[in-house]
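J.: fold the stuff below for me.
(chains A and B)
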Amino acid sequence: MAQIVIKNLKKQFGDFTAVQESSFTIEDGEFFMLLGPSGCGKTTTLRMIAGLERPTSGEILLDGEEISQRPPSERDIAFVFQMFALYPHMNVRKNISYPLASQGMPRAQIKNKVAEVAKILGIEDILDRPVGGLSGGDRQRVALGRAIVREPKAFMMDEPLGALDAEFREHMAEELRALHDRMGATTVYVTHDQLEAMQMGDKIVVMNNAVVEQFGTPQEIYDKPATMFVADFIGSPSMNFMKFHGKVAGGESAVDMHGSRFSVPVAREPFEGDLAFGVRPEHIQISDAAAYRAEVLATEYLGTTQIVTLNTAGGEVKARVSAQQVARAGETVGLEFDPKSVTLFDRQTGRALKSELNEGVLHG
Amino acid sequence: MSSFSVNEPSKRTKWFAGTLVIGYALITMIPLVWIAITGFKSPADAIAYPPKYIIGSDSKAGFQPTLEGYVNLFTTRTRQTQEFLDANPPENWADEIVRQYDMVIVGPSKFGERFLNSVIIGFGSTFLSVFLGTLAAYAFSRFKIPLADDLLFFILSTRMMPPIAVAIPIFLMYRQLGLSDTHLGMILLYTGVNISLAVWLLKSFIDGIPTEYEEAALIDGYTRFQAFYKVVLPQAATGIASTAIFCLIFAWNEYAFAVLLTTANAQTAPPFIPTIIGVGGLDWPAIAAGVTIFLLPVMIFTILLRKHLLRGITFGAVRK
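T.: Residues are numbered from 1 along each chain as shown, chains lettered A, B, ... in the order given. This next block holds a predicted model:
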């Protein structure tokens, strides 16, 4: 089990930069998510850690040892592929025992190890079946078995649930997290699904366009986004951005937007210019008494809650309110925002302004 | 209720397709069957008109099968005086057959040797083409090679003219190098012709094998070569088998170069078979026997690999 430190890691394919100098630390035993839209460089980062791509520059430290130029076989890292990549010409047992055979482990010992892993994963009854006819879930378990059987220092998983249907994903995600908690192995997991990342991860790195946008716990990423991209990417519906031109002074705890004054977390830096008032849908209340008016455009009923789409002076916003609340399209209502959870963004750069809220979270 | 299915052809379609295929098979098989039958005829029956084609029948179209053609194919014989024949009774059944023409067997013919040459050169060049082709195709498929597309085109361009067009330069080159009429020379020549086919066929097969399999093997602690050998090769077996069949068929049947470049030592069966001339006319049964035996290895090889061949011919179209 191991700590992985990524230092200024960079990867270029010709003129194309797949990963811009990135740095983050994966602590021992962490379930670590690499999250981002497709093409953001998350898979390339994972493959560099595993040794399937050679970094252009930068360091990868595994338990303090620099490994970035070593072949994958000398890194003691296991990899679970999106399409599982089970060896099609071998049965389940051979697939799982294959990494052990490469180490020259005696046969009797291999047999015991495979039996042990099969028991953990509940696949004892399919050990002698060919992998061709297995269901998606069983393939997934065999792929996991092949990864855990040799007790590597760390696991790399490249969207391992991506090939499963929605219903089964949920179940497998739970199984995977339970397995991780049981083994306590450092795991790096690539996904483009923000829900999966929030649900399973201890920590999340959000990447976009080859750049690490933010790195932190799911709560930090959700409540204290460092950039507009992160705020937009995480959460469904995503964070609302009300556009306005204004200024904040350092130490001030309120901001003027479209003629109304709103309380915000105490600002830690002064700023004047194009701003975005970022607020999550669940931090908006509809109240007739409120001074900030908006027109209801549509409502979506979701059972216990509903999503109300409103037109404000700063653009369209979505509010998640109780299903009991009465809101009809065409009505004009008042809006209140939870002052503790507001983030102000510089619209030019997309960066969150430093405030009481996100102090200590932002970096760079 | 009439049922309609997209994947299941109707009964009428099946019947029609079946008739078509069987009819086509019969037409293409007639020459082969004729040659096989002729091998068991006597020289007189072989050129009889109207032709005789019913084995063992007494009717006008019938003939009595004999191994004369095969005996003539594998032996050399001389005519002997009656006194000699009387003094030396036939030693075996083959001897007995040639006695009816007042002849005795004096030794084996060259056919066995020529056939063995065909086997050595055909299978040798097939092995070499497939071996080199697989390695080259793997490299083209998996690694970034400078000018890869140009190299592949160059390899293909060697097929753009009939190989025989360069026969004279090759003939001169081989004479200088001492490769004329050698097994090695013929193996190299057929390998050179087949390698472009092998590289292109195998590249498309290997392209179809996901790289994740090798990456999984690399992660599992194997070297690049082990990953190639233990994971890629078994996956490419289908492609390798069908490529091998195509290469073998070319090398086995090649006639023009064999005539030009071989005379004695390394002569293959195709240029030899037409030279089997009997006494007082062409010995058709012996020639037919030679052709029949010559057809067998490719037939057996193809039948052994046929389950791979079907998927091989539709390569690229079907992916697992």
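J.: got the residues of the stretch 151-300 of chain B near chain A?
T.: Taking CB under 8 Å from any CB of the partner chain as the contact definition, the stretch 151-300 of chain B meets chain A at B:210, B:212-213, B:215-223, B:226, B:231, B:234-235. (C-beta placed from N, C-alpha, C; glycine too.)
J.: is it possible to mark the buried ones in these?
T.: Neighbour-count burial within those applies to B:210, B:212-213, B:215-222, B:226, B:231, B:234-235; the criterion is 16 or more other CB atoms under 10 Å in any protein chain shown.
J.: among those, which are in helices?
T.: With helices identified by DSSP state H, the entries of those that belong to them are B:212-213, B:215-219, B:226, B:234-235.
J.: what's the farthest-apart pair in these?
T.: With distance counted by CB to CB, no two of those lie farther apart than B:Ile219 and B:Pro234, which are 18.3 Å apart.
J.: got the domain boundaries for chain A?
T.: As given by automatic domain parsing, the domain ranges for chain A are A:4-223, A:228-346.
J.: tell me the most buried of those domains?
T.: With neighbours defined by mean count of other CB atoms under 10 Å in any protein chain shown, none of the domains of chain A is more surrounded on average than domain A:4-223, at a mean of 19.
J.: that one: end-to-end distance?
T.: Between the start and the finish of domain A:4-223 there is a gap of 26 Å, counting by CA to CA, to the nearest Å.
J.: scan chain A for its longest helix.
T.: Residue-count comparison of every helix in chain A, with assignments taken from DSSP H, identifies helix A:166-183 as the longest.
J.: which ones are touching the closest residue to B:Ser141 other than its chain neighbours?
T.: Residue nearest to B:Ser141 in three dimensions, not counting chain neighbours: B:Ile206, with 4.2 Å by CB to CB, 6 or more residues apart in numbering or on different chains. B:Ile206 makes contacts with B:134, B:137-138, B:141-142, B:232, B:236, B:239, as judged by CB atoms under 8 Å, 6 or more residues apart in numbering or on different chains.
J.: out of those residues, which two sit at the greatest distance?
T.: Of all pairs drawn from the contacts of B:Ile206, the widest gap by CB to CB lies between B:Arg142 and B:Gly239 and measures 14.7 Å.
J.: wait, B:Pro108 touches B:Arg77, no?
T.: No. The pair B:Pro108 and B:Arg77 does not pass the contact test of CB atoms under 8 Å, sitting 11.0 Å apart.
J.: what about A:Leu353, how many neighbours?
T.: A:Leu353 has 23 neighbours, counted by other CB atoms under 10 Å in any protein chain shown.
J.: disregarding residues adjacent in the polypeptide, which is nearest to it?
T.: Nearest-residue entry for A:Leu353: A:Leu344, 4.6 Å, with adjacent residues in sequence omitted and distances by CB to CB, 6+ apart.
J.: kindly report the same for A:Glu30.
T.: That would be A:Asp202: by CB to CB, 6+ apart, it lies 4.7 Å from A:Glu30.
J.: swap in B:Trp252?
T.: Nearest one to B:Trp252, counting by CB to CB, 6+ apart, is B:Gly122 at 4.4 Å.
J.: the host helix or strand of the one you found versus helix B:211-219: what angle between them?
T.: Using DSSP states H and E, B:Gly122 maps to helix B:111-142. Interaxial angle, helix B:111-142 versus helix B:211-219 (axes from the mean of the first three to the mean of the last three CA atoms, to 10 degrees): 90 degrees.
J.: immediately after helix B:111-142, which helix or strand?
T.: The element immediately downstream of helix B:111-142 (helix or strand, assigned by DSSP H and E) is helix B:148-157.
J.: which residues does that next one contact?
T.: B:136, B:140, B:145, B:195-196, B:199-200, B:203.
J.: now do the very next helix or strand once past that helix: which elements does it pack against?
T.: The element immediately downstream of helix B:148-157 (helix or strand, assigned by DSSP H and E) is helix B:167-177. The contact analysis (3 or more CB pairs under 8 Å, 6 or more residues apart in numbering or on different chains; DSSP states H and E) places helix B:167-177 against helix B:183-207, helix B:256-261.
J.: out of these, deepest packed?
T.: Most buried among these, given mean count of other CB under 10 Å as the contact rule, is helix B:183-207, at a mean of 21.
J.: now do that helix, average pLDDT.
T.: Helix B:183-207 carries an average pLDDT of 94.
J.: mind listing what A:Pro37 touches?
T.: Residues near A:Pro37 by CB under 8 Å, 6+ apart: A:192, A:208, A:233.
J.: surely it is within a strand?
T.: No. The secondary structure assignment for A:Pro37 gives coil rather than a strand, going by DSSP: H, G, I helix; E, B strand; the rest coil.
J.: for it, grab phi and psi.
T.: A:Pro37 has phi and psi values of phi -70, psi 170 when expressed as degrees, to the nearest 10.
J.: how close does it get to B:Ile293?
T.: If you measure A:Pro37 against B:Ile293 using CB to CB, to the nearest Å, the figure is 66 Å.
J.: is B:Ala198 in contact with B:Ile240, as I believe?
T.: No. Taking contact to mean CB under 8 Å, the distance of 9.1 Å between B:Ala198 and B:Ile240 leaves them out of contact.
J.: quick check: neighbours shared by these two?
T.: Listed as contacting both B:Ala198 and B:Ile240 by CB under 8 Å, 6+ apart are B:130, B:134.
J.: three-state assignment of A:Ser68?
T.: Reducing the assignment to helix, strand or coil with three-state DSSP, the entry for A:Ser68 is coil.
J.: residues in contact with the closest residue to it other than its chain neighbours?
T.: On the basis of CB to CB, 6+ apart, the spatially nearest residue to A:Ser68 that is not a chain neighbour turns out to be A:Ile60, at 4.3 Å. For A:Ile60, the set of contacting residues under the criterion of CB under 8 Å, 6+ apart consists of A:4-7, A:9, A:48-49, A:66-68.
J.: quick one, phi psi at A:Ile60?
T.: Per degrees, to the nearest 10, the backbone of A:Ile60 is at phi -130, psi 120.
J.: just A:Thr227 next, same as before
T.: Listed backbone geometry of A:Thr227 is phi -140, psi 160, with angles given as degrees, to the nearest 10.
J.: now do the contacts for it.
T.: With contact taken as CB under 8 Å, 6+ apart, A:Thr227 is in contact with A:213-214, A:345, A:350-352.
J.: secondary structure element holding A:Val296?
T.: Applying DSSP H and E as the criterion places A:Val296 in strand A:292-301.
J.: hmm, who's touching that strand?
T.: For strand A:292-301, the external contacting residues (CB under 8 Å, 6+ apart) are A:258, A:260, A:262, A:306-312, A:316-317, A:323, A:327-336.
J.: same check, this time on stretch B:273-288
T.: B:35-43, B:46-47, B:66, B:68-70, B:72-73, B:79, B:101, B:109, B:111, B:290-291, B:294.
J.: show the buried residues in these.
T.: Neighbour counting by 16+ other CB under 10 Å classes B:35, B:37-43, B:46, B:66, B:68-70, B:72-73, B:109, B:111, B:290-291, B:294 among the contacts of stretch B:273-288 as buried.
J.: phi, psi of the closest residue to A:Ser263 other than its chain neighbours?
T.: Sequence neighbours aside, A:Pro339 is the residue nearest to A:Ser263 in space, at 3.6 Å (criterion: CB to CB, 6+ apart). Summarising the backbone geometry of A:Pro339 under the convention degrees, to the nearest 10, its torsions are phi -60, psi -20.
J.: how about the nearest residue to A:Gly58, chain neighbours excluded?
T.: Leaving out its chain neighbours, the residue that sits closest to A:Gly58 by CB to CB, 6+ apart is A:Leu9, at 3.6 Å.
J.: list the contacts for that neighbour?
T.: With contacts defined as CB under 8 Å, 6+ apart, the neighbours of A:Leu9 are A:19, A:21-23, A:45, A:48, A:55, A:57-60, A:68.
J.: any chance of TSV for those residues, columns pLDDT and distance to A:Pro130?
T.: Formatted as TSV, those follow (pLDDT from 0 to 100; distance: CB to CB, whole Å):
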residue	pLDDT	distance to A:Pro130
A:Val19	92	38
A:Glu21	88	45
A:Ser22	89	41
A:Ser23	90	44
A:Thr45	94	34
A:Met48	94	33
A:Pro55	94	37
A:Ser57	93	44
A:Gly58	93	42
A:Glu59	93	42
A:Ile60	94	36
A:Ser68	91	37
